[in-house]
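> here is a sequence together with a model predicted from it:
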Amino acid sequence: MDKYTQLCADVDLVILDYMLTGIDGWERLNEMLRINPKRKVVVATGYSMKREREERVSQLSKAFIKKPFRVKELTTSIGKILDSN
């Protein structure tokens, strides 16, 4: 998060792996949004979550994709997000 905090002004979009080893994706997503509530975040995960958590993550992030995903899915999501504003 230190690097993100330093470079936050230069970041247009973040791709967050929800289940990185030793990192809670929910906490990380909320940290990023506390720093910049308008941050564009794509959350990717290969793990299943409880429905309520998945819905909340989908609401907070700009896109939610399940792994494994195809590059086209990712680039389409990124394109839509960056073109949206």
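That came through, no problem. Numbering: from 1, shown residues only.
> got the CA positions of the helix or strand of the chain with the lowest mean pLDDT in PDB?
Taking mean pLDDT, DSSP states H and E as the measure, helix 51-60 is the helix or strand of the chain with the lowest mean score, a mean of 71. Provided in PDB are the C-alpha atoms of helix 51-60 (Å, rounded to 0.1, in the frame of the first residue of the first chain):
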ATOM      1  CA  ARG A  51     -22.900 -14.200  -2.100                       C
ATOM      2  CA  GLU A  52     -23.200 -11.100   0.200                       C
ATOM      3  CA  ARG A  53     -19.500 -10.400   0.000                       C
ATOM      4  CA  GLU A  54     -19.400 -10.900  -3.800                       C
ATOM      5  CA  GLU A  55     -22.200  -8.500  -4.200                       C
ATOM      6  CA  ARG A  56     -20.600  -5.900  -2.000                       C
ATOM      7  CA  VAL A  57     -17.200  -6.300  -3.800                       C
ATOM      8  CA  SER A  58     -19.100  -5.900  -7.100                       C
ATOM      9  CA  GLN A  59     -20.700  -2.700  -5.800                       C
ATOM     10  CA  LEU A  60     -17.400  -1.200  -4.600                       C
END
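> buried ones in that helix?
Of all the residues in helix 51-60, those buried under the rule 16 or more other C-beta atoms under 10 Å are 54, 57, 60. Placement of C-beta: from N, CA and C, glycine included.
> again with stretch 28-39
Burial within stretch 28-39, assessed by neighbour count using 16+ other C-beta under 10 Å, is assigned to 28-29, 32, 39.
> nearest to residue 50, of those?
Among the buried residues of stretch 28-39, residue 29 lies closest to residue 50 (C-beta to C-beta), at 15.4 Å.
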